[in-house]
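1. Return a 3D structure for these sequence lines:
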Amino acid sequence: MKKTVLTIGTIAMVTLSGAFFTNSVSAEQSLDDVQAERQEVKSELSKAESKIADVLYDIKDLNEELVKLETVLEKNQEQLGKVEEELDEYEEEIDTINTRIEERNEILKNRIAAYQENGGNINFMDVVLGSEDFSHLISRTEAASKIATADKELMEEQEKDMELVEEKVEEQEAVKEDLKEIEFVTTTQVEEVDKKKKSLKNKEADLKEKKASLESEDSSLASLESEIRAEIAAVAEAAESETTTPSTPEVAAETTESNETAEQTSNSNVSSNSNSNSSNTSTPAKKESKPKNNPAPANGGSAISIGKSVMGTPYAWGGTSPGGFDCSGFVQWAYGQAGKSLPRDTGAQMNSGTAVSYSQAQAGDLVFFTNPGGSAHVGIYLGGGQFLGSQSSTGVAVASMSSGYWKDAFNGNVRRVN
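-> Down below sits the predicted model:
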């Protein structure tokens, strides 16, 4: 009878332990899947951040190109203004020349009228035949010659002035057209650069949206990973408790055996040794209970100890893994390994958790700094005026914020991760 009851108890114990073992294996398998998926998400997140950086560099180049083009446009407008002023001056000169032309036209009209009154053109034979004597002939010949010469000079001056006017107008119109062409080409280039810039801005917005989605997905996976770790720890604790506490079937077996022995002792005359054995059998052996092992923290340990384990890792812009970290990537990784989800960017981390004053800062809080160029830096406060972070000059290392550069750069922002 005793063997039968004990056998039932053993089977129940094995069955129960097997259930715990199966759940633990399943949880561990799920944990591996979640970690693999998180690694893939982080890889995609790193690629997105790299693409955003490339886009920002392209936008920077386009901004510089726009500045150059705008400078060209300004100079072109300045030159065009000068040409417009010269054209105004030429207009005044043209008016002056036209006045001279009009005056000459009046002179020529008067001479033509005089010729007509004298019967037409004055030719040399008229001068000779109309002379009264030789002296008169010479006088009339010189007069006719002077009139002819004066008319010729007037006509030549008239033609030169008209040609000059035409040349100046044509020259300035050509310069004006050249400047308009330069303005058209430059304006077209500006429009093209603006289009490229808008396209890059849209691409940047899409990448940031994708990054935000990946960060949200990573955060969800981090929470799921934390839950699975907690489940594994709970299963391990339950299994440990089961090995130190008698199961219900075993207690029943010992109680049955105790009753049977007591009955045999009261009905038969047995030796004192038998009575002693029966008495021992009827009293269940008291097992010493082992202290329960507290389950490992669901977050996987302290972010500080995890962070210190990778001290010496070189600084890498955009880095989020032990191969190379930037400041926010290191903080996100350390807390992520500890089961705490933080945003990727320093700016977003500044608004995470709960704000506390520096006088109330505790080890594990986030501390923020502002570099002279305006960029932000983040580290994990260690206490005693020291913090752990990934600095561009040292990589992952402990630095002092009580003196020197980081004291001046500390902006007073302290956040406690919830």
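
2. Now residue 69: closest residue in space that isn't a chain neighbour?
-> The shortest distance from residue 69 to any residue other than its chain neighbours is 5.0 Å, reached at residue 190 (C-beta to C-beta, 6 or more residues apart in numbering). Bear in mind the C-beta positions are built from the backbone N, C-alpha and C, glycine included.

3. In a strand, the one you found, correct?
-> No - read with DSSP: H, G, I helix; E, B strand; the rest coil, residue 190 is helix and lies in no strand.

4. Tell me if I'm right that it and residue 70 touch.
-> Yes - in this structure residue 190 lies within contact range of residue 70 using C-beta atoms under 8 Å: 7.2 Å.

5. The two - which one has more neighbours?
-> Shown here are residue 190 and residue 70; by other C-beta atoms under 10 Å, residue 190 has more neighbours (16 against 13).

6. From residue 201, how far off is the more buried one?
-> Distance of residue 190 to residue 201, computed by C-beta to C-beta, to the nearest Å: 16 Å.

7. Can you name every helix or strand that whatever helix or strand residue 304 lives in contacts?
-> Assessed by DSSP states H and E, residue 304 sits inside helix 303-308. Under the contact criterion of 3 or more C-beta pairs under 8 Å, 6 or more residues apart in numbering; DSSP states H and E, helix 303-308 touches helix 327-337, strand 376-383, strand 386-391.

8. wait, which of those is closest to residue 107?
-> strand 376-383 (85.8 Å; C-beta to C-beta).

9. partners of that closest one, with directions?
-> Next to strand 376-383 in the sheet, as set by DSSP bridges, lie strand 366-370 (antiparallel), strand 386-391 (antiparallel).

10. Quick one: list the elements packing against whatever helix or strand comes next after the last one.
-> The one in question is strand 386-391. Going down the chain from strand 386-391, the next helix or strand is strand 395-400, by DSSP H and E. Applying 3+ C-beta pairs under 8 Å, 6+ apart, we find strand 395-400 packed against strand 386-391, helix 404-409.

11. which stretch in those has the least confidence?
-> Ranked by mean pLDDT, these bottom out at helix 404-409, with a mean of 93.

12. list the buried ones in it?
-> By neighbour count with 16 or more other C-beta atoms under 10 Å, helix 404-409 contains the buried residues residue 406.

13. what angle separates the following helix or strand past it from strand 366-370?
-> Moving toward the C-terminus from helix 404-409, the next helix or strand (DSSP H and E) is strand 410-416. Orientation check (axes from the mean of the first three to the mean of the last three C-alpha atoms, to 10 degrees): strand 410-416 against strand 366-370 gives 160 degrees.

14. who does strand 410-416 touch, helix- and strand-wise?
-> strand 354-356, strand 366-370.

15. looking at those, which is closest to residue 225?
-> That would be strand 366-370 among the helices and strands packed on strand 410-416, by C-beta to C-beta, at 21.1 Å.

16. I'd like to check what contacts that closest one. Which residues are they?
-> Strand 366-370 is contacted from outside by 331, 346, 349-350, 352-353, 358, 361, 376-381, 387, 401, 406, 409-411, 413-417, using C-beta atoms under 8 Å, 6 or more residues apart in numbering.
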